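In: sequence? don't have it. structure:
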């Protein structure tokens, strides 16, 4: 089989809510997720701004109060299309000059304040970068989990300049290689810091090939890689509940409206082989259905107090890099009409930060609104996918 070097940096450039069921037993977070030796070490976590100490965040009582007003011109202005707990930004932010702008008023000096730790996969471009920027503007410590360090560093520099944050880190994560996914997760588990928000954003579309373990490329990257990464990090998400806003830790999975096109469900034999279709889009549709099923099943297995989970569709033809191999003539037409990545990230940001979504655990949002997912997304199919995914991602 020819080696494939997929580009896995960002999610969802779309072409074109299910109540939790009764299936499944509660999952004890931490069970079956042993700590493993061999963490990558501190060189993979690179704080910006001279390694300054973490700044404390808004206390839970204050952050659960009425949302703050975001003034025009502030780093957070335009990032929050909803009411959400928002730490006050610096009084002034100087225009970026190549270095991280200093804060004239530090965020949160009162005792007892805590800081969110958030992680975004594929945070170096598109929706992922826009989501990371919004989280950094809130004051979060943000981990950029990406395949390419140079591209991640460029995005971190941009976000730091825009928000004044010096709490940005890089984590090497190649979702096309389950061994590397496990190594990345182990790095975080051995460090032991709670995670309050995890946005599973990275993905590929319209690409063909196989992962390092031989799975169909879109299914392996968009579903299996994230399945392993998330389940390995469940203890840290449990430790992050309640988060500084008093809510459970959150897992936000960027799916797609394309999951409706996977009308025959999942061919569990086909996903174990390289991409069979000419375009790769049928396989992409299946991978996005798997995202929806994963969220639904996780909601059934994990206690609501430990984790809020949700899947979403960000919008059509979002201006991201997920479809890098679209023919140039078609790409030029798409670019004329597609919304920006900032516009497309609004649903991810809402699900990661807004209090009003918490009543809709395990459900599916489409462009800021609840929507029923595909009728193919049944509890039976979700349970089978979970069982097979556990077996496929088990250490060899």
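Out: Yep, it's here. Remember, it's a predicted structure, so these values are computed and weren't measured experimentally.
In: for residue 252, what are its contacts?
Out: Shown in contact with residue 252 (CB atoms under 8 Å, 6 or more residues apart in numbering): 197, 198, 199, 200, 201, 310, 312, 348, 351, 352. Using the backbone N, CA and C atoms, a C-beta is placed for each residue, glycine as well.
In: do that again at 6 Å, thanks
Out: Residue 252 is in contact with 199, 310, 348, 351, 352, counting by CB atoms under 6 Å, 6 or more residues apart in numbering.
In: Looking at the residues you listed, which is nearest residue 254?
Out: Using CB to CB, residue 348 comes nearest to residue 254 of the contacts of residue 252, at 6.1 Å.
In: ok but the closest one is inside a helix, no?
Out: Yes. Assessed with DSSP: H, G, I helix; E, B strand; the rest coil, residue 348 lies in a helix.
In: Next one: it from residue 359, what distance?
Out: 18 Å (CB to CB, to the nearest Å).
In: next one: residue 316
Out: 27 Å.
In: So for the two, which sits in the more crowded spot?
Out: residue 316 (19 against 8; other CB atoms under 10 Å).
In: picking that back up, nearest to residue 153 among the contacts of residue 252?
Out: So of these, ranked by how close each gets to residue 153 (CB to CB), first place is residue 199, at 19.3 Å.
In: What average pLDDT does whichever strand or helix holds the closest one get?
Out: Taking DSSP states H and E as the definition, residue 199 sits inside strand 197-200. Averaging pLDDT along strand 197-200 yields 98.
In: Give the pairing partners of that strand; include direction for each.
Out: Taking DSSP bridges as the criterion, strand 197-200 forms sheet pairs with strand 117-121 (parallel), strand 249-254 (parallel).
In: next structured bit after the first one?
Out: What that stands for is strand 117-121. Taking DSSP H and E as the definition, the helix or strand right after strand 117-121 is helix 126-138.
In: list the helices and strands that following helix packs on?
Out: For helix 126-138, the packing partners by 3 or more CB pairs under 6 Å, 6 or more residues apart in numbering; DSSP states H and E come out as strand 117-121, strand 141-146, helix 149-163, helix 341-344, helix 346-353.
In: Pick the most deeply packed of those.
Out: strand 117-121 (a mean of 30; mean count of other CB atoms under 10 Å).
In: now the angle from that one to helix 149-163?
Out: 130 degrees (axes from the mean of the first three to the mean of the last three CA atoms, to 10 degrees).
In: In stretch 244-259, which residues are buried?
Out: 244-245, 247-259 (16 or more other CB atoms under 10 Å).
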